[in-house]
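Visitor: Structure for this input, please:
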Amino acid sequence: MKLYPSINPDLADWAVRQPVFFTASAPTHHPHINVSPKGLSAHFAVLSPKLVAYIDRTGSGCETIAHSYENGRLTLMFMSFGPAPRILRLFCKSRIVEWDHPDFDKWMKRVIPQDEAGGVSNRDSYDGARAVVIGEVWEVQTSCGYGVPMVRKELYAPATASEDGTLEKATQQQQQRDVIDTAGKETTMTTTTTTKRDELSVFEERPTLDYYWKKRVDNNTVNTYQVETNRTSIDGLPGLKAARRDAGETLWIADARAEVLRAARETRGVVLGVLVAVLVYFVTGVVGGLVVKAREGREHNWIWPN
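Guide: Residues are numbered from 1 along each chain as shown. Purely as a prediction, here's the structure:
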């Protein structure tokens, strides 16, 4: 295991190429600890050695958003599925930019890759985006990853000759075929697979979210879904602010209530604070009494007759 203060270029390049990563967050006092997989392409970007961001699509829960609003703790984890093992964890202080925030479009453009013409690639794949989650990285951890299973190499790499000289699988062959060009001349073309493939090539994106949210956007029902599912976390913590506003909730009242409940659960801290206060009061009283007696004793000695 190694710890770093920031993300170096090698780790940044490796992280953005991974087909899946995981987010982990937790409330301060409630029991549920959330772990979520993320996998759609271009949803994650390393913006600087200490800043990352990803696009958060609307889902049936909003644990990460609620936890970010309460305490901002967030861990992102990436892992290798190939022969070179690696686990990467990014420990972050998170903040949320919701879809109705003035800076939302700016952050979306920073995360989404741009095509050569400067336009957004695969724009439909971001329908239903409810927020950009920004992570201010305060520590980076890498570890071996030997316990993570690998993708079988024969799924993506050409077969090699076995000991008896035969190919285990005919996955790479040179094929010669006659091609008649437009000039009527016969030529011979040799085709050989030269593209190097790795374990990442066996993954493909699941299109369900794109279809689902495109339909919701067309029907103008995204906000309705968010109001129904994204207002609070499983533990009842305040969730997506846009959904709460759409539901007619007064945000500052609900936030104040959540803060009071949070303070009430910090019983150990309250008890410890009371005990420390009592101890300080007692020690101060004892020391003060001794000081007063010492002063009275000195004054008495000064006026004692010879």
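
Visitor: Report the contact partners of residue 200.
Guide: Counting by CB atoms under 8 Å, 6 or more residues apart in numbering, residue 200 touches 17-19, 81-82. (Glycine included, C-beta is placed from N, CA and C.)

Visitor: outside of stretch 104-112, which residues touch it?
Guide: When contacts are defined by CB under 8 Å, 6+ apart, stretch 104-112 is touched by residues 42-45, 47, 53-55, 97-98, 120-121, 126, 129, 131-132, 134.

Visitor: oh sorry, the question was meant for stretch 237-256
Guide: Residues from elsewhere that reach stretch 237-256, judged by CB under 8 Å, 6+ apart: 27, 30, 62, 65-67, 69-70, 98-100, 130-131, 223, 226-227, 230-233, 258.

Visitor: Quick one: neighbours of the nearest residue to residue 87 once chain neighbours are set aside, just the number.
Guide: Closest residue in space to residue 87, ignoring its immediate chain neighbours: residue 145 at 4.2 Å, by CB to CB, 6 or more residues apart in numbering. Residues lying near residue 145 (other CB atoms under 10 Å) number 16.

Visitor: Provide a list of residues in contact with residue 145.
Guide: Shown in contact with residue 145 (CB under 8 Å, 6+ apart): 79-80, 85-87.

Visitor: same deal with residue 51?
Guide: Contacts for residue 51 (CB under 8 Å, 6+ apart) come out as 134-137.

Visitor: how near is it to residue 12?
Guide: Using CB to CB, to the nearest Å, one gets 11 Å for the distance from residue 51 to residue 12.

Visitor: need the strands for the stretch 101-250 of the chain, in chain order.
Guide: Using DSSP state E, counting those that start in this stretch, the strands of the stretch 101-250 of the chain run over 129-143, 175-180, 186-191.

Visitor: what residue ranges in this protein score low on pLDDT?
Guide: Scanning the chain for pLDDT under 70 picks out 41-42, 114-125, 158-196, 299-306.

Visitor: Domain boundaries for it, per the record?
Guide: The chain resolves into domains spanning 2-150+207-264, 267-303 when parsed by automatic domain parsing.

Visitor: Generate JSON lines for the ones you listed, with distance to residue 201 as supplementary columns.
Guide: Below are the domains of the chain laid out as JSON lines (distance: least, CB to CB, whole Å):
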{"stretch": "domain 2-150+207-264", "distance to residue 201": "10"}
{"stretch": "domain 267-303", "distance to residue 201": "52"}
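
Visitor: Tell me which of those domains is the most buried.
Guide: For the domains of the chain, average neighbour numbers computed from mean count of other CB atoms under 10 Å are highest in domain 2-150+207-264, which has a mean of 16.
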